[in-house]
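**Q** using only what follows, build the 3D model:
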Amino acid sequence: MRRLVVCSSLFSFLLISSLTIHAADSGDKCVSCHTKQTPNIVADWKQSHHSEAGVSCDTCHGDAHNSAADVAKAKIPTPDTCAQCHEEQVAQFKKGKHSMAWAAMEAMPTIHYQPMAETEGMKGCGSCHKIGIKSPEQISELAKQGNHYGVASCDACHTRHTFSADEARQPQACETCHMGFDHPQWEMYSSSKHGVRYELKQLKIQGESSAAPTCQTCHMQKGNHEVRAAWGFLAVRLPLPADKIWAADQVTILQALGVLDLDGKPTKLVETVQAADVARLDQASWQAERDKMLNTCKQCHSSEFAGTQLKYGDDMIRNADHLMAQAIRTVAGLYKDGLLVKPPSYAYPFPNLLTFHDAPTSIEQKLFVMFLEHRMRTFQGTFHASPDYSMWYGWSEMQRDLTEINEMAAEIRRTGHAPGTTSVKPVAEGTSH
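**A** Below is the predicted model:
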């Protein structure tokens, strides 16, 4: 019996050794060729932990590609490839909002009006939303178009081929996607005292032990890859607030997002919102994220201060929603009175905020900018401790948007049609809405 055990152990040792030698040989072949063909890729890999651990090219790309004639046989990694070694992190990622990014983009009503390079080519929306998980069918379709390089997801933050955890922990790792028109979190953070202190820390002006939170400190507590926030991306939630005015305003916004119908009942789009995880749809999930954030804030601040600051953020959402709802109702009134033509794709005579720049008239486009640019900056600037974004790039712009929308609506009622369109319905002199 002992002899059998010894033989079995020896066989396992020889098998593992053989596989290791084979992997090393295969990796050496890749490195030898790609040092000439793509030298910087090899240079990045050589400084990675993958290289130190003996994770060679074929571990992620397979061993079917051996020459210039069979390049197409090289596998492009997906999150499941990474999960072979990083199971916990990938499992967390799959539960979080980043994994839903591709689905969220595909759910937008006019996404397929955009140039293919913007979406499937990953030069616009798709460049950031590529971090979302794609189905095998989607990956196959992208590959047919030659656009199969954005399926790895993990490399959006741990960039190829160093795949550095240290890189992904820096706030700059978030900058490419979390900036600009609709969500300038990078600009908000980097101009806040949080961001300024961390920059000074990177410059070695602040000490290494100085409190200076990064994006990851607040949104990836203890390295958790779920990356969620209590209010979600669009700052809408269910159940509705207890404040009756705020609740009515949120209903109006949810109707303009197509989540509620004209009677305030959930539409089929609720399933898409749930799948894309862009909103908290029950009190428990909202409170769980709020509690996580409070616990993080309390590492540097008192409980009272942290709680107060987050409530200020909630209050800015309430105030922004009141302006937003007024503007939506003004445009909805024009639909109702036949002064604006409802696009055939709209399910209800109500503006659709998710049509973005494809909205057909100037007043509807102004409404979209008010929602996606200025409302976002109002509340996100507050939560990110950026006074300029919250006030001048957010709240002040919303006030001006509402003034312009009211003036444009009054002009449409005076003339009987939107600028650039023919008259839809005669309006009696002195008629007002």
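**Q** name the SS class of Ile133, please.
**A** Following DSSP: H, G, I helix; E, B strand; the rest coil, we place Ile133 in the coil state.
**Q** OK, contacts around the residue nearest to it when sequence neighbours are not counted?
**A** Once flanking residues are discounted, Ile133 sits nearest to Ser99: 4.8 Å by CB to CB, 6 or more residues apart in numbering. C-beta coordinates here come from the backbone N, C-alpha and C atoms, glycine included. Listed by CB atoms under 8 Å, 6 or more residues apart in numbering, the contact set of Ser99 reads Pro79, Phe93, Ile131, Gly132, Ile133, Ser153.
**Q** against Glu118, how distant is Ala143?
**A** Ala143 is 19 Å from Glu118, where distance means CB to CB, to the nearest Å.
**Q** ok, now Gln92?
**A** Distance from Gln92 to Glu118, by CB to CB: 29 Å.
**Q** care to break the protein down by domain?
**A** 33-54+76-168, 170-227, 229-415 (automatic domain parsing).
**Q** re the thing from before, secondary structure class of the residue nearest to Ile133, three-state.
**A** helix.
**Q** about what we covered before: closest to Gly207 out of the contacts of Ser99?
**A** Phe93 (32.7 Å; CB to CB).
**Q** let me see the confidence value for the nearest residue to that closest one once chain neighbours are set aside.
**A** Leaving aside its sequence neighbours, Phe93 sits nearest to His225 (CB to CB, 6+ apart; 4.3 Å). His225 is assigned 96 on the pLDDT scale.
**Q** quick one: His225 and Gln92 touch, right?
**A** Yes - counting by CB atoms under 8 Å, Gln92 is a contact partner of His225 at 3.8 Å.
**Q** one step back: got the domains of the chain as CSV, with distance to Ser67 columns?
**A** What follows is those, written out as CSV (distance: least, CB to CB, whole Å):
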stretch, distance to Ser67
domain 33-54+76-168, 8
domain 170-227, 34
domain 229-415, 42
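**Q** for Thr421, which of those domains is the nearest?
**A** Taking the domains of the chain one by one with CB to CB, domain 229-415 is closest: 7.0 Å.
**Q** chain center to that closest one: distance?
**A** Domain 229-415 sits 17 Å away from the centroid of its parent chain (CA atoms, centre = their mean, to the nearest Å).
**Q** can you tell me the SS state at the residue nearest to Phe93?
**A** Relying on three-state DSSP, one would call His225 coil.
**Q** same question for the one 5 residues further on.
**A** In terms of secondary structure, Ala230 is coil; the call rests on three-state DSSP.
**Q** now it, nearest residue through space, not along the chain?
**A** Nearest residue to Ala230, sequence neighbours excluded (CB to CB, 6+ apart): Glu289, at 3.9 Å.
**Q** which secondary structure element contains the one you found?
**A** Element membership for Glu289, per DSSP states H and E: helix 283-297.
**Q** tell me the angle of the next helix or strand after that helix relative to helix 283-297?
**A** From helix 283-297 onward toward the C-terminus, using DSSP H and E, the following helix or strand is helix 303-336. Angle, helix 303-336 to helix 283-297, by axes from the mean of the first three to the mean of the last three CA atoms, to 10 degrees: 140 degrees.
**Q** flag every buried residue along helix 303-336.
**A** Neighbour counts over helix 303-336 (16 or more other CB atoms under 10 Å) mark 306, 310, 313-314, 316-325, 327-332, 334-335 as buried.
**Q** the helices in the stretch 151-300 of the chain, which residues?
**A** In the stretch 151-300 of the chain, the helices defined using DSSP state H, counting those that start in this stretch lie at 165-168, 172-175, 185-191, 193-202, 215-219, 244-256, 269-276, 283-297.
**Q** point out the other helices and strands that the longest one packs with.
**A** Counting contacts by 3 or more CB pairs under 8 Å, 6 or more residues apart in numbering; DSSP states H and E, helix 283-297 is packed against helix 215-219, helix 303-336.
**Q** rebuild those as CSV, extending it with mean pLDDT and distance to Val71.
**A** Converted to CSV, these look like this (pLDDT from 0 to 100; distance: least, CB to CB, whole Å):
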stretch, mean pLDDT, distance to Val71
helix 215-219, 96, 36
helix 303-336, 97, 50
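**Q** of those helices, which is nearest Thr252?
**A** Of all these, helix 303-336 sits nearest to Thr252, with 4.0 Å by CB to CB.
**Q** and the angle for the helix or strand that comes right after that closest one with helix 244-256?
**A** Remark: after helix 303-336, the chain's next helix or strand is helix 362-369, criterion DSSP H and E. Angle between the axes of helix 362-369 and helix 244-256 is 110 degrees (criterion: the same axes, to 10 degrees).
**Q** point out where the stretch 201-350 of the chain drops to low pLDDT.
**A** 276-277 (pLDDT under 70).
**Q** let's see 50
**A** Applying pLDDT under 50 to the stretch 201-350 of the chain flags no residue at all.
**Q** grab the nearest non-local neighbour of Ser345.
**A** Using CB to CB, 6+ apart, the nearest residue to Ser345 is Pro109, at 6.5 Å.
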